[in-house]
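1. Okay, here's the prediction I keep looking at, along with the sequence it came from:
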Amino acid sequence: MDPYKVLGVSQSASDEEVKSAYIELVKKYHPDKYVDNPLKELAQEKLKEINEAYDTINRQRKSSGYSGSGYNNSYNSGSYTYRGSNASIYQQVRNLLAVNQLARAEQLLDSVQVSERNAEWEYLSGILALRRGYYDNAKNHFQRAVQMEPNNPEYNQAYQSVSGVYTNYSGNPYRSGNSDEMCNWCTSMLCLNLCLNSLCFRC
Amino acid sequence: MFGYIAPNTKELKVKEYDVYKAYYCGLCKVLGQRYSILMKNALSNDCTFLALLLSSLNEGENDSKASYCAFHPTRKLTVIKDDVYISYAADINVLLTYYKLKDNSEDEGNLLSKIGSAGLKVYYNKAKKNSPKAAKLIEQSLNKLKKLEEEKCDDIDMVSDAFASVMEGIAISAPGADKFELQLKWLFYNIGKYIYILDALDDIIKDEEKNNYNVFLLKHKNEEAKNIVVEIKEQVQYNLAMSLNEASKAFELLPVKKNQGILRNIIYDGTVGIMDTIIKRRCIDGSI
């Protein structure tokens, strides 16, 4: 595959342009963004492709002395400390979540007695919910995990990343317009719309 | 149908607007030709997005032709030529319209809906024959949704999940979908969540008046809709943004060959604008 095509730059692009295109793409497909996403593997493959393309271009351009500055794909989901009698169950749940075995992970989480459910249980239940698309539930679990262990960085990070999603998404750089003109879309759709309104279900 | 998946046309380039419109008109044309001129009334932006996305996953130019339209008799319009993607979107448009009308007539005993769904039956059968896999999956998920509604489910995750599965079924039954099944599944699942939740918010006043099922009304029993909307604003924003954010992640993993600008506009801009408009209308202005 043409490495320039992968990075979306022309062959005549400067080193700087190549690098900034590369950095943008790494940000876009960064494992952190896909950590709790069912498409994690696809994103990793994409990132690998981007890394290889960047390395290839660099090798081609600097035939000697290039040390390879591509993004290091040794991402792992952090190190955790485990406490309590359910530690091994939680480790198993983490492993199952990592390979998308959601039903089995749920069974294990359900097997923990209600009285023994700690912050980690809440956190892992939140991740499970997120993977399933049960976003409302996920946020509630993360919130409880943070309340139970306010200083745990892992739980805090999860809670904050879901809490900020509205602000982040509506302020997305791909979003060009501004929302001041609230009725933009409906007025402009009117000229497109051939609807005779007789069967218009929204009215 | 719902019309929640549309571009912010003000931000489209003229060329992009023309392409979007050609898909819109192309779909309309096929609805008229393959089904009935009456089906043109059911034409939806959501199904236009489906046709546009599916065909953008394939190489080749947007293949268009000039064509007359009964609604614009004075001039020829540019329409995308009928292909497997447009045809599939037309089938889906008919199937969803039929189910929507059937649902309305059962819910409300609305006479117009009753006549409508009875009249549509023949087109529904045809669409079902054309896209049997999609029809089966849509029906299964809608039955699940109906059951939840009958049980008066007040869990927003569960009911929106059932509707999201409808969209997921539509995605995986599409022509050429097998190559990108994972991405398309997650993209449309999340679009489905977005549509369901936004629709529930948009309809809340009407549902209260007509005593219809509405997940928010059930969750906040003994409260009036006009107070509920204020309370749930942040929850709705959060759930919609999560859905759109996940949809965008799936979109970024699709090998889109053309029409990037329009598709990006719809996913990152159009949807957000529609969401904000409806949230403002319902939760802030409190108008009906």
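-> That came through fine. Numbering: from 1, shown residues only, chains lettered A, B, ... in the order given.

2. Single out the residue in the stretch 1-150 of chain B that lies closest to chain A.
-> Ranking the residues of the stretch 1-150 of chain B by distance to chain A (CB to the nearest CB) places B:T9 first, at 4.0 Å. Where C-beta positions appear, they are placed from N, C-alpha and C, glycine not excepted.

3. Look up the closest residue to residue 121, ignoring the ones flanking it.
-> You didn't pick a chain, so chain A it is. In space, A:W121 comes closest to A:V112 once its chain neighbours are excluded; the distance is 5.7 Å by CB to CB, 6 or more residues apart in numbering or on different chains.

4. should've been chain B
-> Beyond its immediate neighbours in the sequence, the residue positioned closest to B:K121 (CB to CB, 6+ apart) is B:Y98, lying 7.4 Å away.

5. can you check B:V19 too?
-> Spatial nearest neighbour of B:V19, chain neighbours left out: B:N62 (5.7 Å); criterion: CB to CB, 6+ apart.

6. Backbone dihedrals for the one you found, please?
-> Listed backbone geometry of B:N62 is phi -70, psi 120, with angles given as degrees, to the nearest 10.

7. Same check on B:T74?
-> Main-chain dihedrals, B:T74, degrees, to the nearest 10: phi -80, psi -20.

8. next one: B:P175
-> Dihedral angles for B:P175 - degrees, to the nearest 10 - are phi -60, psi 130.

9. Give the burial count for the nearest residue to B:L43 once chain neighbours are set aside, as a bare number.
-> Spatial nearest neighbour of B:L43, chain neighbours left out: B:C28 (4.8 Å); criterion: CB to CB, 6+ apart. Applying other CB atoms under 10 Å in any protein chain shown, we find 25 residues neighbouring B:C28.

10. Now do the same contact list for B:C28.
-> Under the criterion of CB atoms under 8 Å, 6 or more residues apart in numbering or on different chains, the contact partners of B:C28 comprise A:L194, B:K40, B:L43, B:C69, B:V79.

11. any idea how far the closest residue to B:T97 other than its chain neighbours is from B:K121?
-> Computed as CB to CB, 6+ apart, the closest residue to B:T97 that is not its neighbour in sequence is B:A42, at 4.0 Å. Distance of B:A42 to B:K121, computed by CB to CB, to the nearest Å: 14 Å.

12. sorry, back to before: show the pLDDT at the residue nearest to B:T97.
-> Predicted confidence (pLDDT) at B:A42: the value is 80.

13. next one: the one 5 residues further on
-> Predicted confidence (pLDDT) at B:C47: the value is 94.

14. next one: A:L192
-> 40.

15. ditto for B:E108
-> The per-residue pLDDT of B:E108 was computed as 68.

16. hmm, back to that, ok, the residue nearest to B:K121 - how many residues close by?
-> Based on other CB under 10 Å, the number of other residues close to B:Y98 is 23.

17. ok, now which ones touch residue 61?
-> Here I'm looking at chain A. For A:R61, the set of contacting residues under the criterion of CB under 8 Å, 6+ apart consists of A:D15.

18. looking at chain B here, not the other one
-> Contacts were defined as CB under 8 Å, 6+ apart; by that measure B:E61 touches B:K258.

19. Verify the stated contact: the residue nearest to B:K121 with B:K126.
-> No - counting by CB atoms under 8 Å, B:Y98 does not reach B:K126; the two are 10.6 Å apart.

20. quick one: low-confidence parts of the stretch 1-150 of chain B?
-> Low-confidence segments of the stretch 1-150 of chain B, defined by pLDDT under 70, span residues B:1-2, B:108-110.

21. So which bits of it are right by chain A?
-> Among all residues of the stretch 1-150 of chain B, those adjacent to chain A (criterion: CB under 8 Å from any CB of the partner chain) are B:1-3, B:6-11, B:21, B:24, B:28, B:40-43, B:45, B:69, B:71, B:97, B:100-101, B:104, B:116.

22. show me where chain A has helices.
-> The residue ranges that make up the helices of chain A, judged by DSSP state H, are A:3-7, A:15-28, A:31-34, A:40-61, A:87-98, A:102-111, A:119-132, A:135-148, A:153-163, A:165-170, A:184-192.
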